[in-house]
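sequence plus predicted model, see below.
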Amino acid sequence: MPKLPLEGIRVADFTWVWAGPYCTLQLAHLGAEVIRIETRTRPCITRLLPPWPKGQGGGLNRSGYFNQYNQGKRSLTLNFKQPAAHQVARELIAKSDVVVNNFAHGVMERMGFGYAALKQIKPDIIMISLSGYGDTGPYKDYIAYGPAQVPLSGLSSLTGYKGWPPMHSGFSYADPNAGVHGAFAIVAALIHRSKTGEGQYIDMSQWEAMMALLPEGILEYTFNGSEPDRMGNADPWMAPHGVYRCLDRPEQVAGNTIDQFVAIACADDAEWAALARLMGRPELAADMQFATLRARKANEELLDKMINQWTSNQRASDVCEALQKAGVAAAVVADNKFLSEEDVHLRERLYWVFKDHAEIGRIQHAGVPWKMSRTPTEVRRAAPLIGEHTDEILTELLGYNAEEVERLRREGALE
């Protein structure tokens, strides 16, 4: 049986909400043993968020949000109001390779788990802080959540329709993006340690990781002193480039009619000619209003109107399939029913994960987005119940006996 890429690596996971757990999720996918440190006195926000399983209602172990982003991990509950909990955490860190947190700057230091303290426990420890704005600079103590960081990154100023105000990108894009960047930095630090024996501290700014995705907007200003215009679904150069209305989904979902759209992009004149033929109007390829990229861009409003007329009486999946066969980039604007039940590609690639969970049973979750030929990775277990592995970690990993565990529980250290 081949070893997993991070097999043998143990992660003390102090994270919560989204950015941090998404980081440690990638490490769990790669085979690391991730031990999530939680508390019942202040449970992670995501344990309190929907969606809930139909007919089951809420509960600390039933959140779809939490259960998606904590697959493959174990849960240890510690109440840091009790000194004994601090000792347990120090013992866990001594047996770990990586410590991850996404608290605000200074929180880990106030808890007694700053990098200087951790080096005293384990000199080659790798620690990463995925704070909102990093450990230095005038913003270092600012509170950070994704919905605030996305606008600050510049993304919202690029998002929206012409003449409209800036718009949010649809979800807290900064969080998972920070998680992926953090996991990458950790793997790099592990490689460095394997060569030198040195641990290190990684000071990561979620804000800066988000800005790394937006060079076009930033460079437009630094090169030319101008701000890019918001343009909805259009592209500065390509036309057609947009999202076009199709027939509604034929069946209702939860009593609601669902709109359907298809995304289409033509990068050159040949692709436009192929689209024109499919529309039954091959003459448009030579029409002076549409024959070149520049002409199509100048007449984009009329172009989009014609394409909408063509797509509006067809199923999105049929339009997409016909365009792809003709060599034109197109995709269904997928709703969740399409992704979960109808898309054959995801099903054939075994993307969806079905793992037994002690409270909610066997429910579909998103899985690992890569396939490795030599070191196959998979979701090894469903997300943990809160504190599910506390006794197991204390006795099997840290060497506590049953009486000592019970004493810690009586003292409230394991809440």
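Right, received. Where do you want to start?

distance between the ends of stretch 126-138?
26 Å (CA to CA, to the nearest Å).

show me what the helix-or-strand element of the chain with minimal mean pLDDT is packed up against.
Every helix and strand of the chain was ranked by mean pLDDT, DSSP states H and E. The lowest is helix 146-153, at a mean of 84. Counting contacts by 3 or more CB pairs under 8 Å, 6 or more residues apart in numbering; DSSP states H and E, helix 146-153 packs against helix 174-196, helix 206-211. Any C-beta I mention is one placed from the backbone N, CA and C, and that applies to glycine too.

CA-only coordinates of the following helix or strand past the last one, as CSV, when you get a sec.
Using DSSP states H and E, the next helix or strand after helix 206-211 towards the C-terminus is helix 215-224. Output of helix 215-224 as CSV, limited to C-alpha atoms (Å, rounded to 0.1, in the frame of the first residue of the first chain):
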residue,chain,number,x,y,z
PRO,A,215,-3.0,41.4,-10.7
GLU,A,216,-4.9,42.7,-13.7
GLY,A,217,-6.8,45.3,-11.7
ILE,A,218,-3.7,46.4,-9.7
LEU,A,219,-1.5,46.5,-12.8
GLU,A,220,-4.0,48.5,-14.7
TYR,A,221,-3.5,51.2,-12.1
THR,A,222,0.2,50.9,-11.6
PHE,A,223,0.9,50.8,-15.4
ASN,A,224,-1.7,53.2,-16.6
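
and helix 215-224, what's its mean pLDDT?
For helix 215-224, mean pLDDT rounds to 91.

in contact with the residue most central in space within the chain, which residues?
The chain has P176 as the residue nearest its centroid, 3.2 Å off, counting by CA atoms, centre = their mean. Shown in contact with P176 (CB atoms under 8 Å, 6 or more residues apart in numbering): 18-19, 22.

cool, E392 as well?
R74.

show me what secondary structure element comes after the host helix or strand of it.
Applying DSSP H and E as the criterion places E392 in helix 390-392. The helix or strand immediately downstream of helix 390-392 is helix 402-410, counting by DSSP H and E.

how far does that following helix sit from the chain's center?
38 Å (CA atoms, centre = their mean, to the nearest Å).

now for that helix, which elements pack on it?
Using 3+ CB pairs under 8 Å, 6+ apart: helix 402-410 touches helix 83-94.

who are the packing partners of the helix it packs on?
strand 10-13, strand 33-38, helix 115-121, helix 402-410.

what about that helix, average pLDDT?
For helix 83-94, mean pLDDT is 98.

how far out from the middle of the chain is that helix?
30 Å.

who touches it?
Against helix 83-94 from outside (CB under 8 Å, 6+ apart): 12, 35, 37, 76, 78-80, 99, 111-113, 118, 121-122, 125, 393-394, 397-398, 408, 411, 413-414.

can you rerun that using 7 Å?
12, 35, 37, 78-80, 99, 112-113, 118, 121-122, 125, 398, 408, 411, 413 (CB atoms under 7 Å, 6 or more residues apart in numbering).

so where's the stretch 251-400 of the chain uncertain?
Applying pLDDT under 70 to the stretch 251-400 of the chain flags no residue at all.

which residue ranges of this structure form strands?
For the chain, the strands defined by DSSP state E cover 10-13, 33-38, 74-77, 98-101, 126-131, 200-205, 241-246, 260-265, 329-332, 352-357, 361-366.

need the contact partners of the fourth one.
Contact partners of strand 98-101, identified using CB under 7 Å, 6+ apart, comprise 9, 11-15, 20, 23-24, 93, 108, 118, 125-129, 186.

what pairs with it, parallel or antiparallel?
Applying DSSP bridges, strand 98-101 is found paired with strand 10-13 (parallel), strand 126-131 (parallel).

need the winner for burial among these.
strand 126-131 (a mean of 27; mean count of other CB atoms under 10 Å).

now G114. Nearest residue, chain neighbours left out?
M108 (5.3 Å; CB to CB, 6 or more residues apart in numbering).

in the stretch 101-250 of the chain, where is pLDDT below threshold?
Ranges of the stretch 101-250 of the chain meeting pLDDT under 70: none found.

mind listing what the closest residue to L158 other than its chain neighbours touches?
Distances taken as CB to CB, 6+ apart put G217 closest to L158, at 5.1 Å, once the chain neighbours are dropped. Contact analysis of G217 by CB under 7 Å, 6+ apart lists 154, 158, 228.

on that earlier part again, gap between the residue nearest to the centre of the chain and R407?
For P176, the distance to R407 equals 40 Å [CB to CB, to the nearest Å].

with K73 instead?
Taken as CB to CB, the span from K73 to R407 is 26 Å.

between those two, which is the more surrounded one?
Set K73 next to R407 and count neighbours by other CB atoms under 10 Å: K73 wins out with 25 against 14.

which residue packs closest to that one, ignoring adjacent ones?
Using CB to CB, 6+ apart, the closest residue to K73 is V34 (4.3 Å).

domain parsing of this structure, as residue ranges.
As recorded under automatic domain parsing, the domains making up the chain are 10-213+349-410, 241-345.

so which of these is the most surrounded?
The highest mean neighbour count among those, using mean count of other CB under 10 Å, belongs to domain 10-213+349-410: a mean of 18.

quick one: distance of that one to the chain centre.
12 Å.

what do you get for stretch 219-236?
26 Å.

which parts of it are buried?
Residues of stretch 219-236 classed as buried by neighbour count (16 or more other CB atoms under 10 Å): 220, 228, 230-231, 234.

out of those residues, who's nearest L49?
R230 (30.4 Å; CB to CB).

contacts only, for that closest one.
158-162, 164.

next: T39.
77-79, 415.

and the gap between M127 and P83?
Applying CB to CB to M127 and P83 gives a distance of 22 Å.

no, scratch that, I was asking about S131
For S131, the distance to P83 - CB to CB - is 26 Å.

ok, Y142 to A148 distance?
9 Å.

ok, A85 next?
Distance from A85 to A148, by CB to CB: 31 Å.

check P282 too.
Taking CB to CB, one finds P282 at 50 Å from A148.

not counting sequence-adjacent ones, nearest residue to N102?
In space, N102 is closest to G20, 3.3 Å off (CB to CB, 6+ apart).

done for today, thanks.
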